[in-house]
Structure formats: C-alpha cells, structure tokens
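# need coordinates for the below:
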Amino acid sequence: MLAQDPEDQAEVVSLYENNQNDKLTDQSSKTKDIKNIIFLTYLYIILAIPIGLAFSIPLILSTRKVAYSDQGTYSFAIWPFSLKLLWAPLVDAFFVRKIGRRKTWVFTSQLISGLLMVCLASKVNILIDENIEHKKSDIYFLALIFGFIVFLSATQDVALDAWSLDLLMEKNAPMQALCNSFGFGIGQFVGNAGFLIFESVKFSNEYIRPFFKLGPQKHGLVTLEKFFYVFGSISILTSILVLLFKNEYNLKKIKIESERLIIEKHETESKNRSVWDTYKIIWKILCIKPIRILVILMVTFRFGFSTEGVIRLKLVEQGFAREKLSLMGIILSPILTLIPIVLSKLLRGPKPLKYFNIFIGLKIIMIVVFCIFLKNLSFFRDQSGNFSIVFYLVLFIISLIKDFFGFGAYVTLGGFNAGITDRLMGGTYMTFLAFWPSLGSILSKTSSLFAINMLTFNKCNYLSTNASLFNTTFNATQVVESIEQKCELLFDPFYPLTAVLLVYGVVWVLISRKYFKRLQSLPKEDWKINLQK
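Residues are numbered from 1 along each chain as shown. Sure, this is the predicted structure:
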C-alpha cells in the first residue's frame with residue numbers, strides 16, 4: 001500500500017468535512033423552507049384549477065359536435081397564460097407598498113377571479129347547456145369569460161414565480177420548479193379530469209348516486225355552475241388569508257447578510273425605475289446571447305407534437321366516452337404529480353437540459369405509438385362494437401408513459417429556468433423564460449386545429465334536399481342536424497399532418513443536443529442582466 005503525504009491526507013479530510021457540512025446545510029435549508037414549499041404549492045394549486053377547467057371545456061364542446069374551427073376559436077381563451085410576458089413588467093413595477101410587491105398581485109388577482117366566478121356561475125352554465133340551442137356568438141362569449149379568468153391566473157403566476165424566489169433559500173431556488181409542477185399537476189387534475197368525471201350525467205347516475213342510494217337525475221353530481229360557486233368562494237377566502245397572515249419576505253432568509261443585500265438592492269432600484277424602464281429590461285434580457293439561443297429552441301420544440309391535443313378529441317369521436325377519459329385522468333393524475341418529487345435530484349443537478357432533450361425525444365416516440373394505436377382501434381372492439389379490456393389497459397399504459405415524459409420535460413426545464421434567473425428582476429425574468437415555450441405551444445396547437453378543420457373534407461347527404469356540402473361549418477351543422485343528415489369522411493388530415501410534424505420533432509431533438517450542452521455549461525453570471533447598457 002502506498003504511503004500518503006500528510007498534507008494530502010489533511011486535504012482529503014478537509015474535503016470530506018466540507019462535503020458533510022454541505023449536506024447538513026442542504027438538509028437544514030430544506031427544513032427551514034418546508035412551510036414555504038407547502039404554501040407555494042397550495043397557491044399553485046389554486047391558480048391552476050381555473051386553467052384546468054378552461055382545458056376541460058373543449059371535451060364538453062366535442063360532445064356537442066362543435067367544429068374544429070370553433071374549437072380553435074375557443075382555444076384563444078388559453079392564450080393569456082402564454083402571453084403574460086406582455087404585462088409581467090407591470091407586475092414588477094406597480095404594487096401597494098403596505099401590502100407588498102408580490103402579495104399585491106397574488107391577493108388582487110385571486111380575489112377578482114373568485115368574485116368573477118361567483119358572479120358568472122349561472123351564465124357560464126347556460127352557455128354549455130346541451131338542451132339550449134346556441135349561437136355562434138356563444139363560443140366567443142365563452143372564450144371571453146374563460147380568457148379573462150386565465151388572464152387573472154396568469155397574473156398571479158407571474159407574481160408567484162417571483163415571490164417563490166424571495167421566499168425560498170438560495171440553495172432551494174430550484175425547488176420552485178417542484179412547487180410549480182406539483183401544484184399545477186394537482187390543480188389541473190381537479191379542474192379538468194376531476195370536474196369532467198363528476199359533471200358527467202352517465203357516470204353520476206351509474207356509479208356515484210347508486211352507491212349513496214340516490215335516484216338518477218338529468219345532470220351530473222357537479223355542474224359548472226356549482227363548481228364556479230364553490231371554487232370562487234375558496235379563491236376569495238384564500239386571497240384574504242394570504243393578505244392577513246403571510247409575510248412578504250422570508251424572515252429567516254433576511255437574517256442572512258447576502259440575502260438581505262439583494263433585497264435592499266432590489267427595493268432601491270425599483271424606486272427609481274419607471275414603467276418604461278421595466279419594459280426595457282425585457283429587451284436587456286433578450287440581449288443576453290445565451291438567452292437568444294434558448295428562445296429559439298423553446299419556441300420551436302412544441303411544433304413537433306402540436307396535434308397531441310387532438311388525440312383526446314379523436315378518442316371521443318371514435319366512441320370513447322369522455323367520462324371514461326376523465327376517469328383515466330383521475331387515475332393518472334396522482335401518479336404524474338409524484339414526478340417532480342422523483343425528478344427533484346435532476347432539478348438540483350448540473351445537466352437539466354440534457355434530460356429535457358431526452359424527455360422530448362421519448363415523448364415523440366410515444367406519440368408515434370399513440371397514433372398507431374388510435375389508427376387501429378377496430379382491433380380492440382368486440383362483436384357488439386364495445387371496447388375490450390385490452391383497449392383500456394393499452395390506453396392507460398401508453399398515456400402514462402407519454403405523460404411521464406412530457407411532465408419530466410416540463411419539470412427539468414423549470415428547474416433550469418429557476419437556476420439561471422437573475423433574482424433582481426425575478427418576476428419579469430421568470431415570466432420571460434416561461435413565455436417562449438408557452439408561445440410555441442399556443443401557436444402550434446391553435447394552428448393545428450385550424451389546419452385540420454381546413455383540410456378535413458366531409459360529404460353530407462341531406463335527407464330532405466339530397467344536397468351535399470364540403471367542410472361543414474358550425475352554423476351549417478346546426479341546420480343539417482335539424483333536418484337529419486349522414487356525413488361521410490372523405491379525407492382526415494390528422495395522421496398525415498402528425499407524421500410530418502413528428503419527423504420535424506426528431507430533427508429538432510438531434511440538432512438541439514449540442515446547443516443544450518453548451519447552454520447548461522455556462523456560469524450563472526452569463527445569464528445576469530446588464531442594467532448599465
């Protein structure tokens with residue numbers, strides 16, 4: 001055995017002690033932040049529920065035989081969440097000092113959202129009532145209502161992203177992605193799958209009401225009106241509790257000199273900054289060279305699977321009941337919400353973008369598998385036309401794996417964004433980073449819906465007039481149904497369009513690998529805003 005120099009031995013011992021101290025410090029910082037982590041997760045749940053509810057409406061509309069063009073019109077209701085960068089500087093610039101920079105916006109947006117839901121509960125319920133004949137304008141009004149609610153959730157998200165950086169210890173900053181993704185997962189589950197399953201008349205009458213020995217009724221256990229009333233009241237109560245009992249800053253964090261200096265510097269600079277100066281910061285962020293590369297990658301990656309959202313609509317069109325689709329979501333959601341915890345080590349690791357790239361590639365593979373499965377649904381039907389047990393098993397496994405990879409990509413990207421954010425402009429910077437993948441998402445999803453509607457050709461025979469019509473619109477469909485018609489699908493562009501986009505996605509994954517490797521190797525100083533330029 002070789003003898004070691006005493007100085008080398010001392011260095012090894014010192015390194016070991018430092019490593020142990022770092023582990024103890026990490027454990028200590030996590031322990032101190034546990035209350036804030038729970039608090040932030042709860043607020044992310046509350047702001048995500050209306051967004052999940054907004055995403056549930058297309059499935060309800062699909063059962064009303066609404067055209068893809070009207071689905072595309074409604075999809076604009078989701079746009080405010082992706083366009084929040086436009087007013088993020090205002091969230092940083094304006095606030096009530098006695099309430100607090102972040103609390104001002106979390107409190108007001110949550111309170112207004114709650115009041116709006118309580119006041120419009122009965123009106124929104126009428127807009128989706130299948131027993132009432134609807135006009136084209138109803139789609140616009142429905143999109144307007146949910147668009148404003150999503151706008152309020154987006155505003156709260158801007159403030160909450162920045163507030164999380166103020167509340168969490170520096171070493172726990174990447175845990176913001178855990179709070180965000182875990183909270184969003186639960187919130188969207190409650191507002192989407194949870195609402196749809198209990199809103200279903202068939203599911204309520206066949207499974208829930210008999211269990212409680214209740215008779216069948218013409219409506220589900222939960223209606224949109226009831227959901228608006230209950231959640232609106234919870235939102236109002238939460239906003240008041242936040243205002244009265246939560247401090248703007250982490251008092252334990254302020255005791256640390258370096259943290260206190262950052263807060264004081266932020267407050268001093270914000271006093272002398274005009275609204276125009278705040279907006280100019282967006283340009284200064286864009287002037288950071290690595291940011292420009294990241295922006296291009298984030299806007300373009302979503303187009304590889306932009307028709308993913310149509311898969312659910314296709315399942316409903318093929319006869320798969322939306323309440324069963326929601327029930328599967330109820331089973332999947334608790335599993336998917338654990339993903340951020342499973343991936344928490346990757347969030348704190350040095351290569352989150354490497355895993356993001358891997359997850360995107362794996363998700364593209366699973367969408368290919370899903371499309372093959374969707375194309376061959378006839379193999380999973382019995383002689384009476386019902387889906388077999390094998391169908392449900394395969395659908396569950398494919399959905400679980402696909403959503404796992406998608407969720408994994410979201411979590412790892414969020415961890416990277418939280419790690420590089422310049423905390424002096426936390427709200428604007430975090431929103432800026434989140435804006436570009438969201439922009440790519442809404443552009444790709446909305447354009448794919450309109451493209452599918454435009455390229456879909458149906459031949460409809462009217463029993464009373466023997467007329468034919470191609471590319472049936474929403475209004476025409478209403479007329480046709482009143483006199484009974486039989487439509488034959490001449491061309492479905494979903495599969496050809498999906499194939500082209502998936503090829504694009506594979507090329508994107510291969511090209512982006514070297515850029516991600518370069519970006520995640522940069523020091524944090526390279527991502528800071530130069531306010532002097």
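# pretty sure L43 contacts I186?
No - using CB atoms under 8 Å, L43 is not in contact with I186, being 11.7 Å away. The C-beta positions use only the backbone N, C-alpha and C, and glycine is treated the same way.
# just confirm K459 is within a strand.
Yes - when DSSP: H, G, I helix; E, B strand; the rest coil is applied, K459 is found to be in a strand.
# what does the pLDDT read for the closest residue to it other than its chain neighbours?
Take K459 and drop its neighbours on the chain: the residue closest to it by CB to CB, 6 or more residues apart in numbering is E488, 4.8 Å away. As predicted, E488 sits at a pLDDT of 71.
# right, and the helix or strand after the host helix or strand of E488?
Assignment of secondary structure by DSSP states H and E places E488 within strand 485-491. Next helix or strand after strand 485-491 toward the C-terminus (DSSP H and E): helix 494-520.
# which stretches of the stretch 301-450 of the chain have low pLDDT?
Within the stretch 301-450 of the chain, the stretches with pLDDT under 70 are 340-341, 343-350, 423-427.
# all helices for it, in order.
If DSSP state H, counting those that start in this stretch is used as the criterion, the helices of the stretch 301-450 of the chain fall at 308-317, 322-336, 339-342, 344-347, 352-375, 389-420, 426-455.
# ok, the stretch 101-250 of the chain next?
For the stretch 101-250 of the chain, applying DSSP H, counting those that start in this stretch gives helices covering 101-127, 136-167, 175-189, 195-199, 201-203, 209-211, 224-245.
# how about the residue nearest the centre of the chain, what does it touch?
Taking CA atoms, centre = their mean, the centroid of the chain lies closest to F184, which sits 6.7 Å from it. F184 is in contact with Y44, I45, A48, I51, counting by CB atoms under 8 Å, 6 or more residues apart in numbering.
# my guess is the third one contacts F182, does it?
No - proximity of A48 to F182 does not meet the contact threshold set by CB under 8 Å, at 10.2 Å.
# against E525, how distant is the closest residue to Y279 other than its chain neighbours?
Ranked by CB to CB, 6+ apart and with sequence neighbours excluded, the top spatial neighbour of Y279 is P89, at 4.9 Å. Look at P89 and E525: by CB to CB, to the nearest Å, they are 23 Å apart.
# who's more crowded, those two?
More neighbours surround P89 than the other of P89 and E525, with 24 against 7 (other CB atoms under 10 Å).
# which SSE is G52 in?
helix 6-62.
# grab the nearest non-local neighbour of T104.
F95 (4.0 Å).
# next, that neighbour: phi, psi?
Torsion angles at F95 (phi, psi; degrees, to the nearest 10) stand at phi -170, psi 160.
# tell me the SS of the residue nearest to Y279?
Following three-state DSSP, we place P89 in the helix state.
# was I right about it contacting T428?
Yes - between P89 and T428 there is a contact under CB under 8 Å: 5.5 Å.
# pull up the overlap in contacts between these two.
Residues touching both P89 and T428 by CB under 8 Å, 6+ apart: T278, I281, I282.
# for the first one, what are its contacts?
Which is T278. Contact analysis of T278 by CB under 8 Å, 6+ apart lists P89, L90, D92, A93, T428.
# same check, this time on the last one
Neighbour list for I282: L85, P89, T428, F432 [criterion: CB under 8 Å, 6+ apart].
# next up, the contacts around the second one.
Residues counted as contacts of P89 (CB under 8 Å, 6+ apart) are V275, T278, Y279, I281, I282, T428.
# looking at the residues you listed, which are in helices?
Among these, the members falling in helices (DSSP state H) are V275, T278, Y279, I281, I282, T428.
# can you list those residues in a markdown table and add distance to N530?
Listed next are the ones in helices among the contacts of P89 as a markdown table, based on distance: CB to CB, whole Å:
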| residue | distance to N530 |
| --- | --- |
| V275 | 20 |
| T278 | 16 |
| Y279 | 16 |
| I281 | 11 |
| I282 | 14 |
| T428 | 15 |
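# ok, those residues vs D166, which is closest?
Nearest to D166 out of the ones in helices among the contacts of P89 is T428 (CB to CB; 13.9 Å).
# from D92, how far out is that closest one?
Computed as CB to CB, the T428 to D92 distance reads 5 Å.
# where in this protein is pLDDT low?
The model of the chain has pLDDT under 70 over residues 1-32, 64-65, 129-137, 174, 250-273, 340-341, 343-350, 423-427, 461-487, 531-533.
# TSV for the shared contacts of P89 and T428, including distance to W163?
Below are the shared contacts of P89 and T428 laid out as TSV (distance: CB to CB, whole Å):
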residue	distance to W163
T278	17
I281	18
I282	20
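# tell me the contacts of the closest residue to F148 other than its chain neighbours?
The spatially closest residue to F148, leaving aside those adjacent along the chain, is L116, at 7.0 Å (CB to CB, 6+ apart). Contacts for L116 were tallied using CB under 8 Å, 6+ apart; they are F148, I149, L152, G232.
# just to revisit the earlier point, the residue nearest to T104 and E248: what is the separation?
Per CB to CB, F95 is found 10 Å from E248.
# right, and the residue nearest to K459 touches N458 too?
Yes - judged on CB under 8 Å, E488 makes contact with N458 at a distance of 6.8 Å.
# who's more crowded, those two?
Between E488 and N458, N458 has the larger neighbour count (other CB under 10 Å), namely 17 against 10.
# how many other residues sit next to the spatially closest residue to G183 that is not a sequence neighbour?
Leaving aside its chain neighbours, G183 sits nearest to Y44 (2.6 Å; criterion: CB to CB, 6+ apart). Neighbour count for Y44, taken as other CB under 10 Å: 24.
# circling back: so what's in contact with T428 and D92 at the same time?
Residues touching both T428 and D92 (CB under 8 Å, 6+ apart): A162, T278.
# ok, now how distant is the nearest residue to F141 once chain neighbours are set aside from F516?
The spatial neighbour of F141 that comes closest, neighbours along the chain excluded (CB to CB, 6+ apart), is L127 at 6.5 Å. Here the criterion is CB to CB. By it, L127 lies 44 Å from F516.
# before we move on, what about F81?
25 Å.
# so can I have a markdown table of the contacts of T278 showing distance to I197?
A markdown table is the format used below for the contacts of T278 (distance: CB to CB, whole Å):
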| residue | distance to I197 |
| --- | --- |
| P89 | 40 |
| L90 | 38 |
| D92 | 39 |
| A93 | 42 |
| T428 | 38 |
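# buried ones in stretch 177-189?
By neighbour count with 16 or more other CB atoms under 10 Å, stretch 177-189 contains the buried residues 177-189.
# check stretch 70-89 too.
Residues 70-85, 88-89 are the ones in stretch 70-89 that count as buried (16+ other CB under 10 Å).
# same question, stretch 107-115
Neighbour-count burial for stretch 107-115 flags F107, T108, S109, Q110, L111, I112, S113, G114 (criterion: 16+ other CB under 10 Å).
# now swap in stretch 96-104 and tell me
Buried positions in stretch 96-104, judged by neighbour count with 16+ other CB under 10 Å: I99, G100, R101, R102, K103, T104.
# and what of stretch 357-367?
Residues N357, I358, F359, I360, G361, L362, K363, I364, M366, I367 are the ones in stretch 357-367 that count as buried (16+ other CB under 10 Å).
# mind saving the C-alpha coords of it as CSV?
Taking C-alpha atoms only, stretch 357-367 is exported to CSV below (Å, rounded to 0.1, in the frame of the first residue of the first chain):
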residue,chain,number,x,y,z
ASN,A,357,-33.9,16.9,-24.5
ILE,A,358,-34.1,13.2,-23.7
PHE,A,359,-37.7,13.5,-22.4
ILE,A,360,-38.8,15.4,-25.6
GLY,A,361,-37.3,12.7,-27.8
LEU,A,362,-39.0,9.9,-25.8
LYS,A,363,-42.3,11.8,-25.8
ILE,A,364,-42.2,12.0,-29.7
ILE,A,365,-41.7,8.2,-29.8
MET,A,366,-44.7,7.7,-27.5
ILE,A,367,-46.9,10.0,-29.7
